[in-house]
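J.: using only what follows, build the 3D model:
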Amino acid sequence: MMEKTMEIIRPLIPLEEAIRKKLKQYNRFRLAKIPESAERAILYRPYYYAEMNTTFTVLKKNRESREIVLVDALSGVPALVNGEVDFLTLNEDSLPGRIVVPQISKDQGEEIALDTVAKAIFRKYRHFPRCRLNQHTLIYRLFCCLQDGPGAPLIFPGDGYDLG
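T.: Okay, the predicted model is just below:
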């Protein structure tokens, strides 16, 4: 029997540090404080990772760029990534927590990623680029869920990335 593996975004910081930072930020501006002893759950949220090369012309000069987009596979919301994203390939059975099932298809994720890059370059240079997709895969991102009593839980990324 073959083991199922999945790629997750390699965390920049340990989960405990991410929780401490988020609680400090959250509790500073809220009347209802969440203690560090709050009930915790780990989620792995799906994203489509799209890496592409673009070419476009500005003032009769050809420009090329490499763009990375993460598309949330639940809501379809894209995020342009500055810099590199590193991955870990792990056995699905060894992961603590719950793996969330994607709600949009891989084709929809690809279309959203291409549209996002085209619009971003058009806004900056007023030219539509030619985009060539190099890589398009389903990956997962670590999220932490804190619940302290009734009410909505606090859900936040547990990997240290700020994708905006």
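
J.: doesn't residue 41 make contact with residue 154?
T.: No: applying Cβ atoms under 8 Å as the test, residue 154 and residue 41 come out as separate, 10.9 Å apart. Quick note: C-beta positions are derived from backbone N, CA and C, even for glycine.

J.: between the two, who's got more neighbours?
T.: Neighbours were counted for residue 154 and for residue 41 using other Cβ atoms under 10 Å; residue 154 has more, 17 against 14.

J.: which strand residues bridge the more buried one?
T.: Beta-bridge pairing of residue 154, defined through DSSP bridges, involves residue 146.

J.: show me the contacts for it.
T.: If a contact means Cβ atoms under 8 Å, 6 or more residues apart in numbering, then residue 154 has 22, 26, 34, 145, 146, 147 as its contacts.

J.: next up, identify which helix or strand the second one is on.
T.: Using DSSP states H and E, the element containing residue 26 is helix 15-29.

J.: could you point out the helix or strand that follows that helix?
T.: Read in the C-terminal direction, the helix or strand following helix 15-29 is strand 39-58, with elements assigned using DSSP H and E.

J.: now do the buried residues in the helix or strand of the chain with the lowest mean pLDDT.
T.: Here the helix or strand of the chain ranked lowest by mean pLDDT, DSSP states H and E is helix 15-29, holding a mean of 75. For helix 15-29, the neighbour count (16 or more other Cβ atoms under 10 Å) marks 15, 18, 19, 22, 23 as buried.

J.: for the fourth one, which non-adjacent residue is spatially closest?
T.: In space, and not counting its chain neighbours, residue 22 is closest to residue 156: 4.9 Å by Cβ to Cβ, 6 or more residues apart in numbering.

J.: dump the helix or strand harbouring that neighbour to PDB, restricted to CA.
T.: Using DSSP H and E, residue 156 sits within strand 154-157. The C-alpha atoms that make up strand 154-157 are tabulated as PDB, following Å, rounded to 0.1, in the frame of the first residue of the first chain:
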ATOM      1  CA  LEU A 154      -9.300  32.800  16.600                       C
ATOM      2  CA  ILE A 155      -7.800  31.200  13.500                       C
ATOM      3  CA  PHE A 156      -4.400  32.400  12.200                       C
ATOM      4  CA  PRO A 157      -1.500  31.100  10.200                       C
END
